[in-house]
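Undergrad: Next input, structure requested:
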Amino acid sequence: MNRRDFLREAALIGAAPFLGTNEVWAGVQAAPSVRLTGEDNKACHALRDGLLITPETPTEEAEVVIIGGGVSGLTAAWHLQDRVILVLEKNPTPGGNCRGETWKGIRYAQGSAYLSEPDERLAAFYKTIGLKLKEAPSPTSALHAKGKMILDHWGEGIADLPYPKWVIRSFKQARKDFKDLAKDPRAPTKIPVAKNHPEAFRYEKITFADYLGRYAPEVTEVLDLFTRSCWGVPTTRISAFAGINFMASEFSPIFVFPGGNEAVAEQLARPIRNSLRLRAFALRITQDENGVLVTYVSQRKVRSIRAKAAIIATPKHVALRMLPDLPKSWRASFSRMRYGAFLVCQVMSREVLYDQSYSLNCLAPPFVNISVADWTQKKPRKEQARPAVLTLDLPMGEAEGRRILLSNNITPLHKKTAAGLEKLFPGCTAAIEGYLYYRWGHPMVITAPNFWSRNGKALQRPWGRVSLAHSDAEGLPCMEAAIAAGKRAAEQVLRHLRKS
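TA: Numbering: from 1, shown residues only. Below you'll find the model as predicted:
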């Protein structure tokens, strides 16, 4: 892609209706309608493939430039709101994967969907930004296995699991162990990750599947659904540290907003609206003794801004391409990081297909979890003849999944999805009006064994005037990690500004 073509594609990012993309028909020529939309990758891939843009003479100045307007970048901006800042976000709206849409009055999440129960420090932060937590009514989880629906399968329903008694005892033991770990100060349960006890890091030497080997195989089978929903990959691909960290919070209340976690992004963005520059794609960040120079494209023009410091709140495989002078140790760490690909499918129907729990884990590929979009909205639960939206999680793994997403042809996958829904809810096809698929190419960092021992220092310390945010800087694909990384980056920048 040459410079002219790149500028044209970058302009299209801002003009697209969904997540900064052009809507793509998936090739299915039958009712109900099937559409594919999601992240646009052309500009990012041009950067990946070595597009060179000559920096312009800077025409703007700021104290801090923040690249990336997801939750982590917005958190950093919120902490720096008293400074002269500029936030560059390539999409038409901020929030990263915390965005929602509306269909027939139902607000649904395009990505990040709920919050875990916060610790005292995080609860205070939510209160400070004006976020009013709303606990999701029970039951919040269920499992469909062997043709049976089990509500609250880790709680009161555990005895009803369709397994032999010895397997159910193994589930109960796993539940007890996870609850005990949640209380153990030496267990890997804290975010930021650096606050964990040194002994907690012994769990990062093995996979989560290795740790689960002490239980019946069915426990691993069910938790594979969980890790594939959270990371896009099974328990064999993530560390026991990461798996325990997430599971330790699964037995506490969750908090759900209409539209998912876009509510968090909205509250963070509120005081820094005038510092947001949307449809702005950063290309190159360099630094010298005078500060940093950020080159970006906006409205089909290449621009440059001079600042005293920068925060990169993007995935590290993108940051790697923006930093031509990045030292070898940082470059090696960024290059090692891997990300799961993901599809989220909104199933829009004329009547309720399922509303017995907020989420439903499914041992029926290709989807692993179903969420009820309006679970916390005031709807007459007994009224089934009303519009409804179910959100399906379809993990795509890594390279092979991304090839499917890049092909823009999800017809084979959609056929499996529709067939799986029909098997789960017989007769549902007649009530479905449409399927809307959202494509996420690299939304979740894969927390492989030894992730922190190999990458932690490079991810959490500043490089000169450049600090790093984004959830992958904590190695955990969750809201809490994004907020922690954004706060840490802001604190690093403030220390630098006070010295200068």
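Undergrad: what does the domain assignment say about this protein?
TA: For the chain, the structural domains run 3-18+40-99+261-337+448-499, 155-247, going by automatic domain parsing.
Undergrad: Adding mean pLDDT and distance to residue 404, write these out as JSON lines.
TA: (Each C-beta comes from the backbone N, C-alpha and C, glycine too.) Supplementary listing: those in JSON lines, determined by pLDDT from 0 to 100; distance: least, CB to CB, whole Å:
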{"stretch": "domain 3-18+40-99+261-337+448-499", "mean pLDDT": "88", "distance to residue 404": "13"}
{"stretch": "domain 155-247", "mean pLDDT": "97", "distance to residue 404": "13"}
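Undergrad: and among those domains, the most buried is which?
TA: When these are scored by mean count of other CB atoms under 10 Å, the highest mean neighbour count falls to domain 3-18+40-99+261-337+448-499 (a mean of 20).
Undergrad: What is the distance between that domain and the centre of its chain?
TA: Here domain 3-18+40-99+261-337+448-499 shows a centroid-to-chain-centroid distance of 16 Å under the convention CA atoms, centre = their mean, to the nearest Å.
Undergrad: Looks to me like residue 188 is in a helix.
TA: No - in this structure, residue 188 is coil, not part of a helix, as judged by DSSP: H, G, I helix; E, B strand; the rest coil.
Undergrad: Tell me which of the domains of the chain lies nearest to residue 372.
TA: The closest of those to residue 372 is domain 155-247. By CB to CB, the value is 14.9 Å.
Undergrad: starting at the chain centroid, how far to the closest one?
TA: Here the centre of mass of C-alpha atoms in domain 155-247, compared against the chain's by CA atoms, centre = their mean, lies 20 Å away.
Undergrad: Could you dump the domains of the chain into CSV and include distance to residue 357?
TA: What follows is those, written out as CSV (distance: least, CB to CB, whole Å):
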stretch, distance to residue 357
domain 3-18+40-99+261-337+448-499, 19
domain 155-247, 10
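Undergrad: Quick check: which of those domains is nearest to residue 143?
TA: Using CB to CB, the nearest of the domains of the chain to residue 143 is domain 155-247, at 6.5 Å.
Undergrad: Let me see the ranges of the helices in the stretch 201-350 of the chain.
TA: Assignment of helices within the stretch 201-350 of the chain using DSSP state H, counting those that start in this stretch yields the ranges 208-212, 217-230, 240-247, 262-269, 316-322, 328-336.
Undergrad: quick one on the thing from earlier: and of the domains of the chain, who's closest to residue 396?
TA: With CB to CB, the closest approach to residue 396 among the domains of the chain belongs to domain 155-247: 6.5 Å.
Undergrad: got the end-to-end distance for that closest one?
TA: Across its full length, domain 155-247 reaches 14 Å end to end, with CA to CA, to the nearest Å as the criterion.
Undergrad: what's the answer for stretch 341-361, then?
TA: Using CA to CA, the two ends of stretch 341-361 sit 19 Å apart.
Undergrad: in that stretch, what counts as buried?
TA: Judged by neighbour count using 16 or more other CB atoms under 10 Å, the buried positions of stretch 341-361 are 341-349, 352-354, 357-361.
Undergrad: Ok, which of the helices of the stretch 201-350 of the chain comes nearest residue 104?
TA: Short answer: helix 262-269, nearest of the helices of the stretch 201-350 of the chain by CB to CB, at 18.2 Å.
Undergrad: Check what contacts that closest one and list those residues.
TA: Contact with helix 262-269 is made by 69-71, 74-75, 77-78, 94-96, 98-100, 109, 115, 126, 129-131, 257, 276, 479, as judged by CB atoms under 8 Å, 6 or more residues apart in numbering.
Undergrad: Tell me which of the domains of the chain approaches residue 391 most closely.
TA: Minimum separation from residue 391 across the domains of the chain (CB to CB) falls at domain 155-247, 11.0 Å.
Undergrad: picking that back up, let's see which of the contacts of helix 262-269 end up in strands.
TA: Secondary structure defined by DSSP state E assigns 100, 109, 115, 276 of the contacts of helix 262-269 to strands.
Undergrad: Next, the contact list for the closest residue in space to the last one that isn't next to it in sequence, please.
TA: Spelled out, it's residue 276. Closest residue in space to residue 276, ignoring its immediate chain neighbours: residue 87 at 5.0 Å, by CB to CB, 6 or more residues apart in numbering. Residue 87 is in contact with 65-66, 68-69, 73-74, 77, 94, 272, 275-277, counting by CB under 8 Å, 6+ apart.
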